[in-house]
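[1] can't give you the sequence, but here's the structure:
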């Protein structure tokens with residue numbers, strides 16, 4: 001059935017009973033992409049995520065999970081991992097065959113791609129909300145809401161037909177309920193506990209820079225090393241946000257943290273009193289504030305530009321003098 005890979009994505013990584021909550025990631029989800037080129041070639045891709053941090057991959061050639069973090073297994077033993085990997089591999093093979101057998105029945109034409117996401121979110125108070133959504137060719141196809149299959153409007157009659165079909169299998173419905181409402185929340189709490197030393201790190205770094213040209217200053221606030229991804233950065237004058245603030249994209253560092261650059265173009269005489277303010281969940285309610293200091297920042301920029309230029313000029317002069325002296329030796 002079309003839901004098999006999503007069911008497996010939830011069962012592959014069950015968790016423990018740890019209920020310690022902390023400020024950090026709040027959701028776990030797995031993404032599966034199944035590509036069908038023709039009746040004889042198909043491929044599955046899988047990945048697991050804590051919010052925007054990928055912690056699992058799937059090697060389709062060997063049929064094994066890839067654990068991208070030392071704590072990605074949560075509290076699973078090696079024996080449990082081996083058993084679940086084998087179960088997942090078998091079901092993925094079955095999923096490919098099942099879809100190919102039903103291509104004509106659901107009036108699908110090659111090539112096509114099926115996407116799925118399944119997981120759970122941790123809300124305040126320790127409650128969890130689970131979800132499962134499927135898509136066909138990039139368009140919403142169905143979702144599981146209140147333990148029942150809900151066809152998406154974009155899925156048309158094909159999605160309605162599938163939900164009618166899946167409703168006939170009570171066993172599958174029971175598995176979906178158990179995995180989404182029990183297994184996923186347990187795993188989320190377990191892996192958060194196993195990885196909290198890294199997930200709670202407070203390696204935030206914020207620094208300022210200014211680029212000057214006649215009559216203008218471009219103030220740059222660079223924030224790096226934060227996790228999770230949501231962050232608020234703004235150039236301020238006192239408590240007043242500056243409407244000209246330009247925010248770039250939040251981009252990933254190699255270690256799984258994020259960085260962001262925020263700029264403000266101001267007239268040279270209007271920079272006094274400006275500051276870059278950073279708010280992030282890892283700061284414990286204490287904002288980072290970088291105050292603009294005209295003399296210090298511009299002085300550093302002048303030194304960074306003038307000193308290397310002087311060194312280069314001196315070296316060139318010495319080289320030219322030695323060469324001229326050599327050429328004029330009688």
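    Okay, I see it. Small disclaimer: the values here were computed from a predicted structure and weren't measured.

[2] hey, what's residue 131 bridged with?
    When bridges are taken as DSSP bridges, the partners of residue 131 come out as residue 119.

[3] Look up how far residue 32 lies from it.
    14 Å (CB to CB, to the nearest Å). Every residue, glycine included, has its C-beta placed from N, CA and C.

[4] more crowded one of the two?
    Neighbours around residue 131 and residue 32, counted as other CB atoms under 10 Å, are more numerous at residue 32. The numbers are 22 against 16.

[5] per-residue pLDDT, that one?
    On pLDDT, residue 32 comes in at 91.

[6] Just to be sure, it is in a helix?
    No - according to DSSP: H, G, I helix; E, B strand; the rest coil, the state of residue 32 is strand, so it is not within a helix.

[7] correct me, but it touches residue 45?
    Yes - contact criterion CB atoms under 8 Å: residue 32 and residue 45 qualify, at 7.0 Å.

[8] Go ahead and flag the most central residue of the chain.
    Taking CA atoms, centre = their mean as the criterion, residue 52 is the residue nearest the geometric centre of the chain, at 2.2 Å.

[9] Against residue 250, how distant is it?
    Summarising the geometry, the distance separating residue 52 from residue 250, computed by CB to CB, is 9 Å.

[10] buried stuff in stretch 208-219?
    The neighbour-count check on stretch 208-219 (16 or more other CB atoms under 10 Å) flags 208, 209, 210, 217, 219 as buried.

[11] How far does that stretch stretch from one end to the other?
    Taking CA to CA, to the nearest Å, the first and last residues of stretch 208-219 lie 7 Å apart.

[12] what pLDDT, on average, does it get?
    Stretch 208-219 shows a mean pLDDT of 78 in the predicted model.

[13] what does stretch 253-271 give?
    Mean predicted confidence for stretch 253-271 is 86.

[14] what's in contact with that stretch?
    Counting by CB atoms under 8 Å, 6 or more residues apart in numbering, the neighbours of stretch 253-271 from elsewhere in the structure are 52-53, 198, 201, 203, 210, 212, 215-227, 229, 231, 233-235, 242, 244-252, 274, 276, 292, 294.

[15] first to last residue in that stretch, what's the distance?
    By CA to CA, one end of stretch 253-271 lies 30 Å from the other end.

[16] in that stretch, what's buried?
    Within stretch 253-271, the residues that qualify as buried by neighbour count (16+ other CB under 10 Å) are 256, 257, 258, 259, 260, 261, 262, 263, 264, 266, 271.

[17] Now distance to residue 288 and secondary structure too, for those residues, in TSV please.
    Shown next, in TSV, are those (distance: CB to CB, whole Å; DSSP: H, G, I helix; E, B strand; the rest coil):
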residue	distance to residue 288	secondary structure
256	20	coil
257	15	coil
258	15	strand
259	14	strand
260	12	strand
261	15	strand
262	12	strand
263	17	strand
264	16	strand
266	21	strand
271	19	coil
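
[18] how close does residue 141 sit to residue 120?
    Between residue 141 and residue 120 the distance is 20 Å, computed by CB to CB.

[19] Between these two, which is the more surrounded one?
    When residue 141 and residue 120 are compared for neighbours, residue 120 comes out ahead with 26 against 23, by other CB under 10 Å.

[20] and residue 199, how many residues sit next to it?
    Residue 199 has 23 nearby residues by other CB under 10 Å.

[21] That one touches residue 191, doesn't it?
    No - contact criterion CB under 8 Å: residue 199 and residue 191 do not qualify, at 9.3 Å.

[22] shared neighbours of the two, anything?
    Taking CB under 8 Å, 6+ apart as the contact definition, residue 199 and residue 191 share the neighbouring residues residue 50.

[23] in this structure, which spans are helices?
    Secondary structure of the chain by DSSP state H: the helices cover 4-11, 78-101, 156-166, 170-178, 184-194, 196-199, 294-327.

[24] Of those helices, which shows the lowest average pLDDT?
    Comparing mean pLDDT across the helices of the chain, the lowest value falls on helix 4-11: a mean of 37.

[25] these two touch, right, residue 187 and residue 28?
    Yes - with contacts defined as CB under 8 Å, residue 187 counts as touching residue 28 at a distance of 6.5 Å.

[26] which of those two has more neighbours?
    Set residue 187 next to residue 28 and count neighbours by other CB under 10 Å: residue 28 wins out with 29 against 26.

[27] I'd like the distance between the more buried one and residue 128.
    10 Å.

[28] again with residue 167
    Distance of residue 167 to residue 128, given as CB to CB: 25 Å.

[29] out of the two, which sits in the busier spot?
    More crowded of residue 167 and residue 128, by other CB under 10 Å: residue 128, with 20 against 12.

[30] give the contact list for the residue nearest to that one when sequence neighbours are not counted.
    The shortest distance from residue 128 to any residue that is not its chain neighbour, by CB to CB, 6 or more residues apart in numbering, is 4.1 Å, and that residue is residue 185. Contact partners of residue 185, counting by CB under 8 Å, 6+ apart, are 15, 120, 122, 128, 130.
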